[in-house]
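> Starting from these lines, generate the structure:
(2 chains)
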Amino acid sequence: MGYDIKLEYRIILDWIKKDSSVLDLGCHEGELLSLMVREKNAGAHGIEIDEQAIYKCVELGLSVSHQDIDNGLSEYGDRTFDYVILNQSLQQVKKPGVVLKESLRVGKEVVIGFPNFAHYRARFQIFFMGKTPITPSLPYEWYETPNLHFLSICDFRDYCQRQDIRIKRTAYIGNTGIAGIFPNLLAQTGLFLISK
Amino acid sequence: MSKTIAVESLEKIEQSDSLGVVETRYFTFAKASDELTLESGERLGPLTLAYETYGKLNAQKTNAVLILHALSGDAHAAGYHEGDEKPGWWDEMIGHGKAFDTDTYFVICSNVLGGCKGSTGSSSINPVTNKPYGLDFPAITIKDMVNAQRHLIDHLGIEKLLCVVGGSMGGMQALQWAASYPERVRSVIPIATTLKHSPQQIAFNEVGRQAIMADPDWKGGNYYGGTFPAKGLAVARMIGHITYMSDISMSEKFGRRFNNGKIHSRFGAEFEVEGYLHYHGDNFVRRFDANSYLYITKALDYFDLSNGKTLYEVFQEIKAKFLIIAFKSDWLYPTYQSKEILKICKLVGIEATYCEINSTYGHDAFLLEIEEETHLVKHFLKKVFNGYAVVENYGI
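Residues are numbered from 1 along each chain as shown, chains lettered A, B, ... in the order given. Now for the predicted structure:
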């Protein structure tokens, strides 16, 4: 069963107000970023570590920096952007706590999207097969995954509570669309709109 | 002999997307009583700038791109000079279908003030003495070079440049253009460059200058009409070449190979890398003036874009968009210097794109990584030229 990446983008686009300023951390080849420019008229900038992805972004007419988001966002002042996007990149940075804190400083709101490690298929593979799970949202073998951290939707909620981070909106995407119930079990991806 | 070369090069021209035969033109200004006031306070005139143009200026005059050359470059950026075998120094980037597509853009390149390739410099005739200036030539700066170019751009009737672009010293001029004339520049492409020369960069230049001045033929700069200080300038150039390459690119190019297997020759050019340096040193003295080398390297060393203000103040005035390009193995202009340009752009909210090309060529990469540069420049320029309504192929 495939995973609907477009649904993920649609939800994030719905959360973004028109004409806002957006910083996309880990913008990959700029798919979401260009949608935000085109559909939301966003003043958007992306940061991406992969050189080939940068060429793709420039081809799309996007403004991007070839940088490592772990090295900080110190050049940006507080609340510079309406939104900071961390879609499928938080689990890949070395220090997610620091990156999150910085994102909440430079962005008025932050959009987070990550693969849910507690999805039932992942649990099944660990519990019955004793193997590192491979699912549509966690598609990599252990020896080639770019993911450095594995977290669940519950983990992230707990973290927000402990850090006094406000969760403003959530969306959970499962195998066949929105996962309405038991998100920590049924969602492959968790999306959160948060602010300090 | 020269006829054969001409025929061969003509054939080559016909086979390629080249601009064909191009000519250098000259613009003279700052005549008596209207001399150019330099940053040093001295006045200089009349001044001539050698320049070339490629493509056509459109009716609205919105498609002009100013290319700025590096230390040893000249106005001849693209196409062939009559009878020449080699094209201009950035020919791969300028022409039909190339990064700076001459079907769309009007491309200008001029030799810098202080140069020795047709523009007024230390080897030009001083109208007061009717002899070459030598060290009577005043100190010049990157800002002076840009000020002189501004007169050329006025002369060409261009109010606003679509883009100012250059590598190394060319990048410094591009940055200076944006700082000096913020309302006249729509985009800036600084490549492998810096906001200010570092002590290490100054140090390398000083060794080059000392080599020239240690040559007995230099004679305090008064060598015109006598023996040229070839040895000194060649050594300066050799030092330059070492800093333009990288450890890897030298290993790949030369290894530890010997020239013709000759060793124990009592210090001839035995290793291939030695031969390479000698060849480039000797070649350089045939085409470059030793005093110009002193003046231009000094201009590089003086360069500090902030110039007494804070960088924030300087960049706050700038309205242009930036495409900043750096190369991983460039240790002469390390990537941190390009990242500083990016950082100040972000601080003041200038739209900037930054790419660090994974090249092993060192500083030379800006003349060699054509494919990557073409991709970046082409799309960036298209967006600046057409406004935001480009981007037809979102792919989603």
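> so what's residue 48 closest to, chain neighbours aside?
All of this refers to chain A. residue A:27 (5.1 Å; Cβ to Cβ, 6 or more residues apart in numbering or on different chains). Backbone N, C-alpha and C define where each C-beta goes, glycine included.
> think we crossed wires, I meant chain B
In space, residue B:48 is closest to residue B:28, 4.6 Å off (Cβ to Cβ, 6+ apart).
> so that neighbour touches residue B:51, yeah?
No. Residue B:28 is beyond contact range of residue B:51, at 11.5 Å (criterion: Cβ atoms under 8 Å).
> Among those two, which residue is more densely surrounded?
More crowded of residue B:28 and residue B:51, by other Cβ atoms under 10 Å in any protein chain shown: residue B:51, with 25 against 13.
> So that one: helix, strand or coil?
Three-state call for residue B:51 (DSSP: H, G, I helix; E, B strand; the rest coil): strand.
> Ok, residue B:166 next?
strand.
> which residues sit in contact with the residue nearest to it when sequence neighbours are not counted?
Leaving aside its sequence neighbours, residue B:166 sits nearest to residue B:68 (Cβ to Cβ, 6+ apart; 3.3 Å). By Cβ atoms under 8 Å, 6 or more residues apart in numbering or on different chains, the contact list for residue B:68 reads B:109, B:112, B:149, B:164-166, B:169-171, B:173-174, B:177.
> what's the answer for residue A:76, then?
Residue A:76 neighbours (Cβ under 8 Å, 6+ apart): A:23, A:106, B:346-347.
> just to revisit the earlier point, how far away is the residue nearest to residue B:166 from chain A?
22 Å (Cβ to the nearest Cβ, to the nearest Å).
> For chain A, what lies in contact range of chain B?
Counting by Cβ under 8 Å from any Cβ of the partner chain, chain A comes close to chain B at A:6, A:9, A:31, A:34-35, A:37-38, A:45, A:51, A:54-55, A:58-67, A:75-77, A:80.
> Now, the residues you listed that are in helices?
A:6, A:9, A:31, A:34-35, A:37-38, A:51, A:54-55, A:58-59 (DSSP state H).
> could those be laid out in CSV, adding neighbour count and pLDDT?
Output for those, formatted as CSV (neighbours: other Cβ atoms under 10 Å in any protein chain shown; pLDDT from 0 to 100):
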residue, neighbour count, pLDDT
A:6, 10, 87
A:9, 18, 95
A:31, 19, 96
A:34, 25, 95
A:35, 20, 96
A:37, 21, 95
A:38, 16, 93
A:51, 14, 98
A:54, 29, 98
A:55, 18, 98
A:58, 23, 97
A:59, 20, 96
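> Check residue B:367 and give its pLDDT.
On pLDDT, residue B:367 comes in at 96.
> Please enumerate residues in contact with the helix or strand in which it is found?
Residue B:367 is part of helix B:365-368 when elements are defined by DSSP states H and E. For helix B:365-368, the external contacting residues (Cβ under 8 Å, 6+ apart) are B:70, B:89-90, B:167-168, B:191-192, B:325, B:327, B:329-330, B:357, B:359, B:361, B:373.
> So in that sheet, which strands flank the strand or helix carrying residue B:27, and in what orientation?
Assigned by DSSP H and E, residue B:27 belongs to strand B:25-29. Strand B:25-29 sits in its sheet next to strand B:47-54 (antiparallel), going by DSSP bridges.
> Rounded mean pLDDT for the next helix or strand along the chain from the partner strand, please.
Sequence order places strand B:64-68 as the next helix or strand after strand B:47-54, per DSSP H and E. In this model, strand B:64-68 has a mean pLDDT of 98.
> residue contacts, the residue nearest to residue A:45 when sequence neighbours are not counted?
Of all residues not flanking residue A:45 in the chain, residue A:63 sits nearest, at 5.1 Å (Cβ to Cβ, 6+ apart). Residues near residue A:63 by Cβ under 8 Å, 6+ apart: A:44-46, B:321, B:351-353.
> Can you pull the phi and psi angles for residue B:240?
Backbone geometry at residue B:240, expressed as degrees, to the nearest 10, gives phi -60, psi -50.
> before we move on, the earlier item: return the subset of the contacts of residue B:68 lying in strands.
B:109, B:164-166 (DSSP state E).
> The residue nearest to residue B:48 and residue B:137, how far apart?
According to Cβ to Cβ, to the nearest Å, residue B:28 stands 17 Å off from residue B:137.
> Can you read off the pLDDT for residue B:395?
For residue B:395, the predicted pLDDT is 39.
> What is the burial count for residue B:264?
7.
> Ok, residue B:29 next?
What residue B:29 shows, counting by other Cβ under 10 Å, is a neighbour count of 17.
> what's near enough to touch it?
B:36, B:45-47, B:49, B:151-152, B:155.
> Next: residue B:32.
Contacts of residue B:32 (Cβ under 8 Å, 6+ apart): B:45-46.
> again, only using 7 Å
Residue B:32 makes contact with residue B:45, according to Cβ atoms under 7 Å, 6 or more residues apart in numbering or on different chains.
> hang on, the earlier thing: and the residue nearest to residue B:48, how far from residue B:259?
Where residue B:259 is concerned, residue B:28 sits at a distance of 46 Å (Cβ to Cβ).
> can you pull out the strands in chain B?
Under DSSP E, chain B gives strands at B:25-29, B:36-37, B:43-44, B:47-54, B:64-68, B:94-95, B:100-101, B:106-110, B:125-126, B:131-132, B:163-167, B:187-191, B:321-327, B:352-357.
> so how far is the third one off the chain centroid?
Its chain's C-alpha centre and that of strand B:43-44 lie 23 Å apart, by Cα atoms, centre = their mean, to the nearest Å.
> what sits up against it?
For strand B:43-44, using Cβ under 7 Å, 6+ apart, the contacting residues are B:30, B:35-38, B:138.
> okay, now residue B:268: neighbour count?
13.
> about what we covered before: which of the contacts of residue A:76 has the largest number of neighbours?
residue A:23 (28 neighbours).
> So that residue is in contact with residue A:43, correct?
No. If you go by Cβ atoms under 7 Å, residue A:23 and residue A:43 don't touch, sitting 9.8 Å apart.
> What count of nearby residues applies to residue B:187?
Look at residue B:187: counted by other Cβ under 10 Å, it has 23 neighbours.
> could you measure it against residue B:117, distance?
Taking Cβ to Cβ, one finds residue B:187 at 26 Å from residue B:117.
> correct me, but residue A:36 touches residue A:43?
No. Counting by Cβ under 7 Å, residue A:43 is not a contact partner of residue A:36; they are 9.4 Å apart.
> Look at those two and report which has more neighbours.
Using other Cβ under 10 Å as the criterion, residue A:36 and residue A:43 rank with residue A:36 on top: 26 against 17.
> dump the residue contacts of that one.
Contacts of residue A:36 (Cβ under 7 Å, 6+ apart): A:13, A:16, A:22, A:42, A:44.
> would CSV of those with pLDDT, distance to residue B:386 and neighbour count be doable?
Shown next, in CSV, are these (pLDDT from 0 to 100; distance: Cβ to Cβ, whole Å; neighbours: other Cβ atoms under 10 Å in any protein chain shown):
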residue, pLDDT, distance to residue B:386, neighbour count
A:13, 97, 25, 15
A:16, 97, 25, 22
A:22, 98, 22, 24
A:42, 96, 19, 25
A:44, 96, 18, 27
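> Tell me who's in contact with the residue nearest to residue A:87 when sequence neighbours are not counted.
Leaving out its chain neighbours, the residue that sits closest to residue A:87 by Cβ to Cβ, 6+ apart is residue A:113, at 4.0 Å. By Cβ under 7 Å, 6+ apart, the contact set of residue A:113 is A:8, A:87-88, A:189, A:191.
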